[in-house]
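Asks: Attaching a predicted model along with its sequence, questions to come.
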Amino acid sequence: MVFTSLSFIILLLSLFFVYYVFSLKLPTMQWVVLLIFSLIFYTYSSPKYLIFLTVSIVVTWLTSLNIERKCALPLCIILNIGLLFFIKYAGAFSRITGHEIGKIIVPLGISFYTFQSIGYCIDVKRGLVEPEHNILKYALYVSFFPHISQGPIGRYEELMPQLMTPHRFDYDRFVRGLERILLGYFKKILIANNLARIVDEVYGHYDAFTGKTLIFATLMYAFQLYADFSGYMDIALGVGECLGIRLSENFNTPYFSKSISEYWRRWHITLGAWFKDYLYYPVLRSGLISKLGRKLRKSGHKKAAKNITTSIGLFITWLCIGMWHGSSMNFIAHGMFHAFFIILAVFMEDGYKKMKERLGIRENSGVYAAFQVIRTFTIVNIGYVFFRADSLRIALNIYKRMIMNFSDDGFIVFLHSYDRAFWLVTGFAMLVCIMIDCLDKRVRWIDALHKAPVWLRWGVVYLAGFVTLVYSFDQPVSAQAFLYFDF
């Protein structure tokens, strides 16, 4: 069930009604309402998906209850990651070996609920949380529908108490949630879906376009992906807010980052935190890496010990992040592309400091900050070619055309192939999105909206809602799907 579908709207309205009726009569049973509606949401996509979800819930729940057994956690991780790896890579292996294995079902959100469940088991093993003895309550934690499809990946200690706490209807919080849901629809329908027309046309027929058009389409993809993914998160977090539940933020103005590492601390925040806590740090603490670090330090190479061990951890982490996105080599290339710049920054830290001192560059300089933001955004866009292209071969061909065939031929004609209304609406929506991100650097946009005069606040809300609704009718059903559903 896609968030932009009519069936989802009906489900959501039904949930709000039943949920707050229970708050009056049976407040301690509100979590049961959430579980039922979450299972309805998930089953609607495909009853087959429910089998995978149920197996994951049962396996990780039993693991958490038997966590003291030596083999429980390793076996749980192997089973869950093994299943995820098989689903993502079985098709690739069948193409390589030439053996047909049939169509592989890719359950909705399996990457996200698998990571969330494994993280919970590891936290139980570390003694950070107590195991949940009620399997139905645990099932709600894993399957809570706003976050199961694309995240955010919720931490048990933050999310579970909120799911179990009764919530009375709070008008102000409910309205804020609806406003955030509206922003999500605004981003998805007016920006992401419109820009998808441009990106799909150019990347689908890349050999028919010159470098300038390919660069423009890649830039548009940056905004498409951000509007699509952050729009989903706005809807998910808005639904949670309406229910009195605060989900983790997953974006923090990533395109204003001053470095690649900062960009990844602001983009898909919960996924980055998961990999950091459950892969990167364990790799650094592993016996082999610790032994290497000690050996280098004893030989008098303290700085090298830190840089080399850090780089190994980063390389393994980014390799896994690339593989997590898909079996195609272009995703792995995208992960390695970002790993290169992050590892380079580790080794060049002292060199950067000396260079800035020699050039008289001040860290608090506005010009230098602008340069850092533009530099980072440019690098991110270069990497997006790997991420968007259908294969590594196509990505490399696109890079080649960008460099070797950079001309104006056809670019203006391409722009005129879309009418003026399309550019006005899309450009205005993108400008609004940029303004919101600029505002969020100082104060949350929703707080600023609520401080505005009543006539202005509701005027903005009604206008945004009207424009979004009008444009939603002209878009095909295929445009409803969110990009990260594929991961």
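Replies: Thanks, I have it. Nothing here was measured: the structure is a model prediction, and the numbers come from that model.

Asks: Quick one: list the elements packing against the helix or strand hosting Thr270.
Replies: Using DSSP states H and E, Thr270 maps to helix 269-275. With contacts defined as 3 or more CB pairs under 8 Å, 6 or more residues apart in numbering; DSSP states H and E, the secondary structure elements packing on helix 269-275 are helix 110-125, helix 302-325. Any C-beta I mention is one placed from the backbone N, CA and C, and that applies to glycine too.

Asks: next one: the longest helix anywhere in the chain to chain centre, how far?
Replies: Within the chain, and with DSSP state H defining each element, the longest helix by residue count is helix 211-242. For helix 211-242, the distance between its averaged C-alpha position and the chain's averaged C-alpha position is 10 Å (CA atoms, centre = their mean, to the nearest Å).

Asks: for that helix, packing partners?
Replies: Packing partners of helix 211-242 (3+ CB pairs under 8 Å, 6+ apart): helix 145-148, helix 171-186, helix 193-204, helix 366-388, helix 392-404, helix 411-416, helix 420-440.

Asks: cutoff 7 Å now
Replies: Of the remaining helices and strands, those touching helix 211-242 by 3 or more CB pairs under 7 Å, 6 or more residues apart in numbering; DSSP states H and E are helix 145-148, helix 171-186, helix 193-204, helix 366-388, helix 392-404, helix 411-416.

Asks: Output whichever strand or helix holds Ser64 in PDB with nothing but the alpha carbons.
Replies: Of the helices and strands defined by DSSP H and E, Ser64 is found in helix 47-65. Listed next in PDB are the C-alpha coordinates belonging to helix 47-65 (Å, rounded to 0.1, in the frame of the first residue of the first chain):
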ATOM      1  CA  PRO A  47      -0.100 -11.700   1.800                       C
ATOM      2  CA  LYS A  48       3.100 -13.500   0.700                       C
ATOM      3  CA  TYR A  49       5.200 -10.700   2.300                       C
ATOM      4  CA  LEU A  50       3.600 -11.400   5.600                       C
ATOM      5  CA  ILE A  51       5.300 -14.800   5.700                       C
ATOM      6  CA  PHE A  52       8.800 -13.200   5.600                       C
ATOM      7  CA  LEU A  53       7.800 -10.600   8.200                       C
ATOM      8  CA  THR A  54       6.400 -13.200  10.600                       C
ATOM      9  CA  VAL A  55       9.500 -15.400  10.300                       C
ATOM     10  CA  SER A  56      11.800 -12.500  11.000                       C
ATOM     11  CA  ILE A  57       9.700 -11.400  14.000                       C
ATOM     12  CA  VAL A  58       9.500 -15.000  15.500                       C
ATOM     13  CA  VAL A  59      13.300 -15.700  15.000                       C
ATOM     14  CA  THR A  60      14.500 -12.400  16.400                       C
ATOM     15  CA  TRP A  61      12.000 -12.500  19.300                       C
ATOM     16  CA  LEU A  62      13.100 -16.000  20.300                       C
ATOM     17  CA  THR A  63      16.700 -15.000  19.900                       C
ATOM     18  CA  SER A  64      16.200 -12.100  22.400                       C
ATOM     19  CA  LEU A  65      14.700 -14.400  24.900                       C
END
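
Asks: ok, and what's touching that helix?
Replies: Among residues not part of helix 47-65, those counted as contacts by CB atoms under 7 Å, 6 or more residues apart in numbering are 42-43, 72-73, 76, 79-80, 105, 107-108, 110, 113-114, 117, 120-121, 124, 131, 135, 138-139, 142-143.

Asks: List the buried residues in it.
Replies: For helix 47-65, burial by neighbour count (16 or more other CB atoms under 10 Å) applies to Tyr49, Leu50, Phe52, Leu53, Ser56, Ile57, Val59, Thr60, Trp61, Thr63, Ser64, Leu65.

Asks: Same question for stretch 295-307.
Replies: Within stretch 295-307, the residues that count as buried by 16+ other CB under 10 Å are Leu296, Ala305, Asn307.

Asks: what's the answer for stretch 78-89, then?
Replies: Of the residues in stretch 78-89, those buried under the neighbour-count criterion (16+ other CB under 10 Å) are Leu79, Asn80, Leu83, Leu84, Ile87, Lys88.

Asks: pLDDT (mean, whole number) over that stretch?
Replies: Confidence over stretch 78-89, taken as the mean pLDDT, stands at 86.

Asks: now swap in stretch 450-466 and tell me
Replies: Model confidence over stretch 450-466, given as mean pLDDT, is 84.

Asks: which ones are touching Asp234?
Replies: Here Asp234 is in contact with Arg180, Ile181, Leu183, Gly184, Lys187 (criterion: CB under 7 Å, 6+ apart).

Asks: that older thread, so which of the buried residues of helix 47-65 sits lowest on pLDDT?
Replies: Within the buried residues of helix 47-65, pLDDT reaches its minimum at Tyr49, with 85.

Asks: which regions of this protein sit below the pLDDT cut-off?
Replies: Residues of the chain meeting the criterion pLDDT under 70: 91-104, 408, 474-480, 484-487.

Asks: how about a cut-off of 50?
Replies: Applying pLDDT under 50 to the chain picks out residues 478.

Asks: And it, split by domain according to the record?
Replies: Domain assignment of the chain by automatic domain parsing yields the ranges 6-169, 174-486.

Asks: on that earlier part again, with distance to Ile398 and secondary structure added, can I get the buried residues of stretch 78-89 in JSON lines?
Replies: Output for those, formatted as JSON lines (distance: CB to CB, whole Å; DSSP: H, G, I helix; E, B strand; the rest coil):
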{"residue": "Leu79", "distance to Ile398": "39", "secondary structure": "helix"}
{"residue": "Asn80", "distance to Ile398": "35", "secondary structure": "helix"}
{"residue": "Leu83", "distance to Ile398": "34", "secondary structure": "helix"}
{"residue": "Leu84", "distance to Ile398": "29", "secondary structure": "helix"}
{"residue": "Ile87", "distance to Ile398": "28", "secondary structure": "helix"}
{"residue": "Lys88", "distance to Ile398": "24", "secondary structure": "helix"}
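
Asks: Nearest to Val18, out of the residues you listed: which one, please.
Replies: The shortest gap between Val18 and any of the buried residues of stretch 78-89 belongs to Asn80, at 32.4 Å (CB to CB).

Asks: contacting residues around Phe482?
Replies: The contact partners of Phe482, by CB under 7 Å, 6+ apart, come to Gln150, Asp228, Tyr232.

Asks: quick one: Leu319 and Gly335 touch, right?
Replies: Yes: under the contact definition of CB atoms under 7 Å, Leu319 touches Gly335, with a separation of 6.1 Å.

Asks: of those two, who's got more company?
Replies: Relative neighbour count places Gly335 above the other of Leu319 and Gly335, with 23 against 14, counting by other CB atoms under 10 Å.

Asks: before we move on, the earlier item: looking at the buried residues of stretch 295-307, which one is closest to Ile191?
Replies: Asn307 (40.3 Å).

Asks: Looks like Ile260 contacts Phe377 (just checking).
Replies: No: judged on CB under 7 Å, Ile260 makes no contact with Phe377 at a distance of 10.5 Å.

Asks: the more surrounded of these two?
Replies: For Ile260 versus Phe377, neighbours defined as other CB under 10 Å are more numerous around Ile260 (22 against 17).

Asks: distance of Val33 from Ser14?
Replies: From Val33 over to Ser14 the distance is 10 Å, taken as CB to CB, to the nearest Å.

Asks: do the same with Leu237
Replies: 20 Å.

Asks: In the chain, which residue sits furthest out from the middle?
Replies: Here the chain reaches farthest from its C-alpha mean at Ser299, the gap being 42.2 Å by CA atoms, centre = their mean.
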